[in-house]
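Novice: Sequence and predicted model, in that order:
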Amino acid sequence: MQRVWYGEPLGTLFRRLIDDLGLNQARLAAVLGLSAPMLSQLMSGQRAKIGNPSVVQRVQLLQDLAAQVADGSVPAAEATVRMDEIRASRGGSVLSTGQTGSTSGGAPTVRRVVREMQALLRSVASAQDIVAAAALIADDHPELAELLRVYGAGRTSEAIDHYATHQG
């Protein structure tokens, strides 16, 4: 079910964050706002879903940060400060504009907007449920059905392409 909800097992996702950001499990749990046992249960698959949308958002912010560290746009030394900011965040609107994940002008990046939209949809329904809902409205509202499928069950890269195509 984690693959359906998050695109991959959380154990894989969390291990990549640990490696990419130089964390240990305890530090990752603290940044996400989870207890160490809860993180362990999510990583092992004993618990399938992250119930708190703010935690889902922090996971996505950490993924964005790891990508920025990897591409050199955020120095490793600044990553620690950013992780503290992520830890302190309580979630926000889909179009929130914090420093993390934003461009130098303060506007959110397309990737961040897309990831937050995905997190919002995936926090209220599984990918299977979203695809089923899209099928129910596809005949009368094909564009809305496509949006649900792409953002609710698709890969981030597909959603970024969709966003770029429809941004106006």
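Specialist: Happy to help now that I have it. Numbers count the residues shown, from 1 in each chain.
Novice: Give me the buried positions along the lowest-mean-pLDDT helix or strand in the chain.
Specialist: Lowest mean confidence among the helices and strands of the chain (mean pLDDT, DSSP states H and E): helix 110-124, at a mean of 78. For helix 110-124, burial by neighbour count (16 or more other Cβ atoms under 10 Å) applies to 111-123. C-beta here means a position set from N, CA and C on the backbone, and glycine is covered the same way.
Novice: Flag every buried residue along the longest helix seen in the chain.
Specialist: Longest helix in the chain, counting residues (DSSP state H): helix 53-71. Buried residues in helix 53-71, defined by neighbour count with 16+ other Cβ under 10 Å: 54-66, 68-69.
Novice: likewise stretch 148-157?
Specialist: For stretch 148-157, burial by neighbour count (16+ other Cβ under 10 Å) applies to 148-154.
Novice: In the chain, where is pLDDT below threshold?
Specialist: 90-108, 167-168 (pLDDT under 70).
Novice: where along this structure do the helices fall?
Specialist: 2-6, 10-21, 25-32, 36-44, 53-71, 76-88, 110-124, 127-137, 142-153, 156-166.
Novice: what about residue 114, distance to residue 152?
Specialist: To residue 152, residue 114 is 12 Å away according to Cβ to Cβ, to the nearest Å.
Novice: Sorry, wrong one. I was asking about residue 35.
Specialist: 28 Å.
Novice: Now residue 7: phi and psi?
Specialist: phi 90, psi -10 (degrees, to the nearest 10).
Novice: oh sorry, the question was meant for residue 24
Specialist: Dihedral angles for residue 24 - degrees, to the nearest 10 - are phi -110, psi 170.
Novice: do the same with the one 10 residues further on
Specialist: With angles defined as degrees, to the nearest 10, residue 34 sits at phi -110, psi 160.
Novice: Closest one of the buried residues of helix 110-124 to residue 45?
Specialist: Within these, proximity to residue 45 (Cβ to Cβ) peaks at residue 122, which comes in at 17.1 Å.
Novice: What distance do you get for the closest one to residue 44?
Specialist: When residue 122 is compared with residue 44 (using Cβ to Cβ), they lie 20 Å apart.
Novice: And the residue nearest the centre of the protein?
Specialist: residue 60 (2.9 Å; Cα atoms, centre = their mean).
Novice: So that one sits against residue 115, correct?
Specialist: Yes - the pair residue 60 / residue 115 is scored as a contact, 4.2 Å apart, by Cβ atoms under 8 Å.
Novice: before we move on, back to that, dump the buried residues of stretch 148-157 to a markdown table, plus distance to residue 7.
Specialist: Formatted as a markdown table, the buried residues of stretch 148-157 follow (distance: Cβ to Cβ, whole Å):
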| residue | distance to residue 7 |
| --- | --- |
| 148 | 16 |
| 149 | 14 |
| 150 | 13 |
| 151 | 12 |
| 152 | 11 |
| 153 | 9 |
| 154 | 9 |
